Every structure is written in C-alpha cells, then in structure tokens.
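Participant: build the 3D model from these lines:
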Amino acid sequence: MSRSDVHTLTGLSKPTSSSLLQRLEESGLVRPSGLGETGPGGRAPQLYRINPAAGYAAAVDVRPESVRVRIADIAGTVVMERVDENDQSAEGPKSAAATIRSCCDEAGLSPAELDAIVVSVPGSYDIATDTLSYVDHLPGWQHASVGAELRMLFPEASVAIENDVNLAAIAERHAARGESESFFLFWLDDGVGGAIMIDGALHRGSRGAAGEAAFLLIPGAVFDAESRTEGALERIVGYQALRALAADAGHEAATAPEALRALLDDPAAAPAVGELCHRYACAIVSVIALLDPARIVLAGELARLGGEKLRVEVARQLAEIMPTAPQLTVTVATDTPILDGAMIMSLGIARDRVFTT
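Facilitator: Residues are numbered from 1 along each chain as shown. Below is the predicted model of the structure:
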C-alpha cells in the first residue's frame, strides 16, 4: 500500500503516516515494493509491503505416532512443512523440538528466528498447572511443566500449547467467514471431541477441558472403569464402536472410515446408520441445552467422509428429539484443520510480537 493508503486506513495525518512508514522501513518491518498507478498529478506513488522475513511462526501437530511441523514467514507464506513418523512423539517436547530445529535447518533459518510456536496436542492443556490431561495415548507428554520445557528449548519464541480440536475450530472460523462466530464443533475422528467458540473466541474452561465430548453420558452409554478413562460417548461412537456397528450390518472393516463408508453405501444398513446418528444427536442435544450455540459443525475425518448424508440423518434425529435446533453444518475447513488452526494462531502471536516491539 501507499502512504495515502496508510493515511486513509489509520486516520493519521499524512505527515504522521509518512513518518510511520519511514520508521517501519528503518526497522526492517516493511520495504518498498515498486510504484502504483499514476495518479491525477502525474506521479506514481511508492508502494510498501510487509517484509516477510521480519518474523517467522511455527505450527506443530503432535500425534501418538508422528510430529508434523509447518513454518511460515510473517506474511503467511509457508517456507517448510514436514511430517516425521514412527513414534516421533515418544520423547515428548524434546522430540517435537528436534523436528522443529530440523525443519528450521532445511528452511535456512535459525530456531532463534521463530517468534511463535503453537503446539497442538490431542488432550487438554491446563495453563495454570502446565500439565496435560487425557494424554495416556501420548508417550512422553504426561509429566508436569511440559510448557516450561518447551519454552526452555526455545527461549526466544512465544510458545503455546493448545488442544487439537480447539485449533480445528479456529480453522473452521477462519474458513467459514461470514457465518456465525458462536458455534460448537463436534469432532468425529480417531477420537470424539468438541470445541466451543463464543463470539469468535475459544471457551477453554477453568482447566482447559471444555468441549471434551468423549465424556458425555447419553442414553445407551455404560459408565464403568473403562468409561472413566476413555469416555462413555467414545465407547459407543468411537472407532471400535463404529466397526462393531458395521460388522452387525454384515460389513467387516479394518478401519472406522471403511466401516462408515460401507454403511452409507448400503441401503440395507440404514438402521445401523440411524443408530449411529441417534447417538451423535443425543450428544449434540446435551450441548445445545447448555450452550444454545448458533450452529453445530460436524468436523473430523468421519464427518467429511459422511458429508451431506451423515448431516441430513443427524439433523433428522435432532428434530425427533427436540422441537428446535440450531443450524447443523459439515466443516468447510481443509483436510488439515488442526495444523491450519495452529498456523493461524501462531501467526497471530508472531505478528503481535513483531509489530508491538
């Protein structure tokens, strides 16, 4: 943009806008980027752009058997992305840090150049105690002070740990601009979860555990010792339960996505699909009764796979249970919503740091 653009957008006087641009250029945050179109006076204005090398942000998605890292410059251009598999998360923060450093090396960056790092974990992070809950499936991340450990490994960066489904909700909010910013994201993937977005802001709860839908106790669920650790809802709609529903309908499937695909493609399996969607609907009703969100978003691999067929059947089941229900949609985010959400959050933190110093 030009000096005139800065003047118009900020409301500052033209001399102040010029001074601002000069200071930004001297600090290395913006740089000239050619001339604009010739104006009425016959002169083409000097244009400026953000210097993409003014800062860098990293997003990290930690899974039980992999660590995925994406690094972008301050303008949002991805400069490196890589997945390290084969139980790369086993050593906890140290393994994630090693992958981040390796990616920095490949991108020609020093880890000290990272302004922000957001780490996604499939569990709940309590910022007050600096501990993770519901991470029995994540070796190396179950000890106290995981955030402090990461910050010691990257002292120059602002480091944040966030729940994976919360980050998927951030990606959904970004992708569905123009829609209501108050919604509940119902996560149907290798685990069942949820995220609460209120007026465009995440609601994390007092211990970072808001949205842990796996522990909803709905009709048909059994509460026992296993339910206490895995979640009552998880046991009746999770991967094993979905494969069992498919098997009862005559479809042996190695994975839950295969099971769902077989059920949706078989007209004779309609009762099994109806039962699954009834369980989903019962969980969603509990959320609606407490939050009354503007919309419910079905997200995760199973939601994307089920698409409109799944959405229509869940909506039908909701209509049978309660007189009115909010809008029910399928996610419009990409197939990497967790990493996308972590990148959006990391860039926001990095930009705040870079442009407030």
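
Participant: poorly predicted segments of this structure, please.
Facilitator: Applying pLDDT under 70 to the chain flags residues 87-90, 357.

Participant: okay, now the domains of it?
Facilitator: Under the assignment automatic domain parsing, the domains of the chain span 3-50, 54-167+337-355, 180-330.

Participant: now residue 246. Its backbone dihedrals?
Facilitator: Main-chain dihedrals, residue 246, degrees, to the nearest 10: phi -70, psi -40.

Participant: just residue 328 next, same as before
Facilitator: Note on residue 328: its backbone torsions stand at phi -110, psi 120 [degrees, to the nearest 10].

Participant: quick one: the strand or helix carrying residue 186 to chain centroid distance?
Facilitator: Residue 186 is part of strand 183-188, with elements assigned from DSSP states H and E. Its chain's average C-alpha position is 11 Å from that of strand 183-188, according to CA atoms, centre = their mean, to the nearest Å.

Participant: next SSE after that strand?
Facilitator: With elements assigned by DSSP H and E, the helix or strand that comes after strand 183-188 is strand 192-198.

Participant: how about the contacts made by the closest residue to residue 276 other than its chain neighbours?
Facilitator: Excluding its sequence neighbours, the residue lying closest to residue 276 (CB to CB, 6 or more residues apart in numbering) is residue 245, at 5.9 Å. Yep, even glycine has a C-beta here, placed from its N, CA and C like the rest. Listed by CB atoms under 8 Å, 6 or more residues apart in numbering, the contact partners of residue 245 are 259, 263, 272, 275, 276.

Participant: let's go with 10 Å and repeat that
Facilitator: Residues near residue 245 by CB atoms under 10 Å, 6 or more residues apart in numbering: 236-237, 251, 253, 256, 259-260, 263, 269, 271-273, 275-276, 279.

Participant: and what of residue 317?
Facilitator: Contacts of residue 317 by CB under 10 Å, 6+ apart are 274, 275, 276, 277, 278, 279, 280, 281, 282, 284, 285, 325.

Participant: those helices in this structure, which residues are they?
Facilitator: Taking DSSP state H, the helices of the chain run over residues 3-10, 14-26, 93-107, 146-153, 164-175, 225-230, 232-237, 239-248, 256-265, 270-291, 301-321, 337-355.

Participant: how far away from the center of its chain is the longest one?
Facilitator: Yep, that's helix 270-291 we're talking about. Distance, centroid of helix 270-291 to centroid of chain: 23 Å (CA atoms, centre = their mean).

Participant: looking at it, residue 112 is touching residue 55, isn't it?
Facilitator: No. Assessed by CB atoms under 10 Å, residue 112 is found out of contact with residue 55, at 11.7 Å.

Participant: on that earlier part again, closest one to residue 207 among the helices of the chain?
Facilitator: Residue 207 sits nearest to helix 164-175 of all the helices of the chain, at 13.4 Å, using CB to CB.

Participant: how deep is residue 254 tucked in, by neighbour count?
Facilitator: Residue 254 has 8 neighbours, counted by other CB atoms under 10 Å.

Participant: residue 199 too?
Facilitator: Residue 199 has 9 neighbouring residues, counting by other CB under 10 Å.

Participant: spit out the contact partners of it.
Facilitator: With CB under 10 Å, 6+ apart, residue 199 has these contacts: 180, 181, 182, 294.

Participant: out of those residues, who has the most neighbours?
Facilitator: residue 182 (19 neighbours).

Participant: quick check: phi and psi on the residue nearest to that residue when sequence neighbours are not counted?
Facilitator: In space, residue 182 comes closest to residue 294 once its chain neighbours are excluded; the distance is 4.6 Å by CB to CB, 6+ apart. Dihedral angles phi and psi of residue 294 (degrees, to the nearest 10) take the values phi -70, psi -30.
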